[in-house]
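S.K.: sequence and predicted structure are below.
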Amino acid sequence: MTVPNTGNSMLNFSCIAFAAIIILGRTCSCLEFNYPNFNTSHMDDFSFSPGSTIANGSLQITPNTGNISHRSGRVVYARETLKLWNSKRSALTSFKTEFVLNILPQNGTAGEGMAFLLTNNPLLPSNSSGQWLGVFNNQTDGAFTNRIVAVEFDTKKSYEADLDDNHVGIDINSIKSVRHSPLSNQSIVLSSGSDVWVEIKYDGTSLLFQVTLVQYSTSGLHVSALSRYINLSLALLDNIYLVFAASTGDFTQLNQIKSWNFTTIDRTVKVGAWRKVLLALATLIIFSICLFAVLFMWRTLTRQRRLAYRNLEKMIDAHGPVKFKLKELRRATANFSHSRKLGRGGFGTVYFGYVKRMNLEVAVKRVSTNNAKSNRGEQEFVAEVNTISKLSHRNLVKLIGWCHEGSELLLVYEYFPMGRLDKLLYAGARESNSSSETSVLELTWERRYRIICGVASALDYLHHGSSKRILHRDVKASNVMLDGEYNARLGDFGLARVIQHDGVTHHSTQAVAGTRGYMAYESFFTGRASLDTDVYVFGVFIMEVVTGRSPSSSVLYLNHNDDNCESTEQGQHHVPMYIVDWTWKLYGQGKALHAADPLLDGEFDQAQEDYAVRLALACCHPNPRERPSMRTAVQVLIDGAPAPEPPLNKPAFVWPLGGNQQEMELPDVGLLFTGTAGQHSSFCSMTSTSLTGR
């Protein structure tokens, strides 16, 4: 690699690199620019914070005249943004950027530093001088809503955890670096007033983020490198701004960028002269695959004989998904690194991984040690493998494979960069007002309705479309994944059960299973799941998506006429309710449209919202015989069939139904719950304390 030391040599280096990319069949797409130096004709290409400018052939990130202490600044490339995904949306965008920075101390001592940013929030935050480098402030530091991945060039140790006064670091949403390296060991001095050449490369397939620094001095050439695996989609949204930021403190410095080039890279193979080579290579690959298939079949048969007496593996369908080696999944997840963690559920933790032999991004569910050793954990593991592997539907999460070695139980799913629905649905309740606005843009009504339709279609397939009738038993926002187009993918089949085999229906459980707030009334008395209990759960899910409220938490309903509640100064009453009672109360008062999530700000299809609410209430009817089937739900949501007309007042829950005590194996008693909306004696209120599920 040729390292430039002047603006012209930087241009020559860029041209050579570009030519090499063309020769290798790599074509630049989306975003590319090159500035060997800067002048006033380039002003319109950038957005400057107050005091930032172009002067002396350089971008001046912080003011270079007047009072320059305790100042911060940003310069944003304004002509175009960087797309998070490549042109085929098959991987994150790969890119390379090179720039020459020059930090010139004023009055002999430097402080504080510069940074290169990838961010969705280009504006300079207030009070971001000093240690914050123009990137964060004491209010935003560490917040997920920053949406910033930065490379910092720090010239002052500003707080106890800071490395030293001459280092480079990689930051994700916080000034505290996830990886940093001192530069004095390599004789690189950022604040020497000498040029420092910086190269940053990112491979969107391997997720490797690399930073290289080079500086000339009288003693020779000095090089330092820093790298880390980073999944940019976990920190950034599409449309990424390229930004330089900098700050000064008690001590001052000129923060300058003297040249800058940037290019994105799509790796495509040219045909032309390579056609014969590719043909020979394809023949070799096909032969290798056939040979590998023969060896794989032989090894699989041998392994099956050797493991024939292991109980758990005997329960798993041998013709199901791929069985992975533990060491392969350890490599794929960087040994289950905390930085690869996507989330944690009741029975394990999910990690992002990359399976090299398949060239595939995956989500690896690692069943927790306690659950892996328990009968229930093994049963749920076997249920997921055997159930999902036989299913094929566009709205179901695809199970790719599994692994069982020692005490480890692992499930490998297709990876969805958008993540779980609940993270978007409840983002507004956790984040600041600015992040709430982002959530509204992401989870519009159109997308919510599409998600509801997708889950309905998936459940209809499980109930009526697959070869065996399957109950999911745990439909909720945290078990729904979103692809890049916001299409719903229903997953987590740990509680799923097959209830139909050879035309005979079997009740599969004698214990209450599910999630509090979603479970049908009768499930607490029968201890059994049915198509009707799945329909009830789906009704609660509709309310969850429409309202943006958690079914597991109570809602304060404003009631003017309830003498059993404390009055406010205006004579109003607040009654705690669960989502079914709350929604039914609004529907009975002719205010079904008021159930819509306030974050939608009234931007929704009123007819669709009314259909969805009425269908949800019909699905949540206390009498399971009054609930529609999932086939009917699909016809209402997708095919335009008339929506049900649930009663204006929520019916009382009566058990047993029609004196079927002997058939349902219940005690010879009747239980009556006057669970009308707004009353503290409602059945849903009971479930929050004494009756709880998973």
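M.R.: That came through fine.

S.K.: can you map out the helices along the stretch 501-650 of the chain?
M.R.: 523-526, 531-547, 579-588, 606-619, 630-637 (DSSP state H, counting those that start in this stretch).

S.K.: try the stretch 151-300 of the chain
M.R.: 275-306.

S.K.: same question, the stretch 351-500 of the chain
M.R.: If DSSP H, counting those that start in this stretch is used as the criterion, the helices of the stretch 351-500 of the chain fall at 369-373, 375-388, 421-425, 427-430, 433-442, 445-460.

S.K.: send me the third one as PDB with only the CA atoms.
M.R.: Provided in PDB are the C-alpha atoms of helix 421-425 (Å, rounded to 0.1, in the frame of the first residue of the first chain):
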ATOM      1  CA  LEU A 421     -41.800  -6.000  17.000                       C
ATOM      2  CA  ASP A 422     -42.000  -5.000  20.600                       C
ATOM      3  CA  LYS A 423     -38.700  -3.000  20.400                       C
ATOM      4  CA  LEU A 424     -40.300  -0.700  17.800                       C
ATOM      5  CA  LEU A 425     -43.800  -0.900  19.300                       C
END
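
S.K.: elements contacting that helix?
M.R.: strand 480-482, helix 531-547 (3 or more Cβ pairs under 8 Å, 6 or more residues apart in numbering; DSSP states H and E). C-betas here are computed from N, CA, C, even on glycine.

S.K.: now with 7 Å?
M.R.: Helices and strands touching helix 421-425, by 3 or more Cβ pairs under 7 Å, 6 or more residues apart in numbering; DSSP states H and E: there are none.

S.K.: contacts for it, please.
M.R.: Ser439, Glu442, Leu443, Ile451, Ala477, Ser478, Val480, Leu482, Val545, Gly548 (Cβ atoms under 7 Å, 6 or more residues apart in numbering).

S.K.: centroid residue for this structure?
M.R.: Gly419 (3.2 Å; Cα atoms, centre = their mean).

S.K.: just give me the lowest mean pLDDT stretch among the helices of the stretch 351-500 of the chain.
M.R.: Confidence, taken as mean pLDDT, is least for helix 433-442 of those (a mean of 48).

S.K.: now distance to Ala143 too, for the helices of the stretch 501-650 of the chain, in TSV please.
M.R.: Conversion of those to TSV gives the following (distance: least, Cβ to Cβ, whole Å):
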stretch	distance to Ala143
helix 523-526	40
helix 531-547	26
helix 579-588	29
helix 606-619	32
helix 630-637	37
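
S.K.: how about these in TSV, adding distance to Phe352 and mean pLDDT?
M.R.: What follows is the helices of the stretch 501-650 of the chain, written out as TSV (distance: least, Cβ to Cβ, whole Å; pLDDT from 0 to 100):
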stretch	distance to Phe352	mean pLDDT
helix 523-526	35	78
helix 531-547	25	94
helix 579-588	32	93
helix 606-619	33	95
helix 630-637	32	95
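
S.K.: switch these over to TSV; also include mean neighbour count.
M.R.: Shown next, in TSV, are these (neighbours: other Cβ atoms under 10 Å):
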stretch	mean neighbour count
helix 523-526	19
helix 531-547	25
helix 579-588	24
helix 606-619	21
helix 630-637	21
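
S.K.: to Gly249, which of these lies closest?
M.R.: Closest to Gly249 of the helices of the stretch 501-650 of the chain is helix 531-547 (Cβ to Cβ; 47.8 Å).

S.K.: which residues sit against that closest one?
M.R.: 425, 448, 451-452, 455-456, 459, 463, 471-473, 475-477, 517-518, 520, 523, 551, 579-580, 583, 595-597, 609, 612-613, 615-617, 619-620, 624, 627-630, 633.

S.K.: kindly report the same for stretch 227-235.
M.R.: Residues from elsewhere that reach stretch 227-235 (Cβ under 7 Å, 6+ apart): 84, 92, 147, 149, 170, 172-173, 178-179, 207-211, 334, 352, 417.

S.K.: rerun at 6 Å
M.R.: Here stretch 227-235 makes contact (Cβ atoms under 6 Å, 6 or more residues apart in numbering) with Leu92, Val149, Ile170, Ile172, Arg179, Leu207, Leu208, Phe209, Gln210, Phe352, Pro417.

S.K.: mind listing the strands for the stretch 201-350 of the chain?
M.R.: Remark: strands assigned in the stretch 201-350 of the chain by DSSP state E, counting those that start in this stretch are 208-217, 220-229, 241-248, 252-267, 322-323, 341-345, 348-355.

S.K.: kindly report the same for the stretch 551-694 of the chain.
M.R.: Using DSSP E, counting those that start in this stretch, strands in the stretch 551-694 of the chain cover 555-559, 573-577, 653-655, 671-673.

S.K.: between these, which gets the lowest average pLDDT?
M.R.: Here the lowest mean pLDDT among the strands of the stretch 551-694 of the chain goes to strand 671-673, at a mean of 33.

S.K.: what pLDDT does the model give Arg275?
M.R.: Confidence at Arg275, expressed as pLDDT, is 70.

S.K.: tally of neighbours for it?
M.R.: By the criterion of other Cβ atoms under 10 Å, Arg275 has 10 neighbours.

S.K.: please apply the same query to Asn623.
M.R.: 16.

S.K.: burial count for the closest residue to Glu414 other than its chain neighbours?
M.R.: Excluding its sequence neighbours, the residue lying closest to Glu414 (Cβ to Cβ, 6 or more residues apart in numbering) is Lys398, at 4.6 Å. Lys398 has 16 neighbouring residues, counting by other Cβ under 10 Å.

S.K.: any idea how far the closest residue to Ser219 other than its chain neighbours lies from Ser217?
M.R.: For Ser219, ignoring the flanking residues on the chain, the nearest one in space by Cβ to Cβ, 6+ apart is Ser187 at 6.6 Å. Ser187 is 7 Å from Ser217, where distance means Cβ to Cβ, to the nearest Å.

S.K.: over to Tyr536?
M.R.: Using Cβ to Cβ, one gets 73 Å for the distance from Tyr536 to Ser217.

S.K.: also Pro622?
M.R.: Distance, Pro622 to Ser217, using Cβ to Cβ: 80 Å.

S.K.: could you list the low-pLDDT ranges of this structure?
M.R.: Confidence mapping of the chain against pLDDT under 70 gives the ranges 1-29, 267-274, 301-320, 345-347, 369-380, 383-384, 428-441, 493-514, 554-576, 658-694.

S.K.: apply 50 and report the result again.
M.R.: Low-confidence segments of the chain, defined by pLDDT under 50: 1-28, 268-273, 305, 308-309, 430, 432-440, 501-511, 560-571, 659-694.

S.K.: outline the domain layout of it.
M.R.: 7-267, 307-414, 421-501+508-687 (automatic domain parsing).

S.K.: Throw those into CSV and include distance to Ala280, thanks.
M.R.: Putting the domains of the chain into CSV (distance: least, Cβ to Cβ, whole Å) gives the following:
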stretch, distance to Ala280
domain 7-267, 17
domain 307-414, 21
domain 421-501+508-687, 36
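
S.K.: closest to Met297 out of those?
M.R.: Closest approach to Met297 among the domains of the chain (Cβ to Cβ): domain 307-414, 12.1 Å.

S.K.: tell me who's in contact with Thr212.
M.R.: Glu199, Ala225.

S.K.: make it 8 Å
M.R.: Contacts here follow Cβ atoms under 8 Å, 6 or more residues apart in numbering; on that basis Thr212 touches Val198, Glu199, Ile200, Lys201, Val223, Ser224, Ala225, Leu226.
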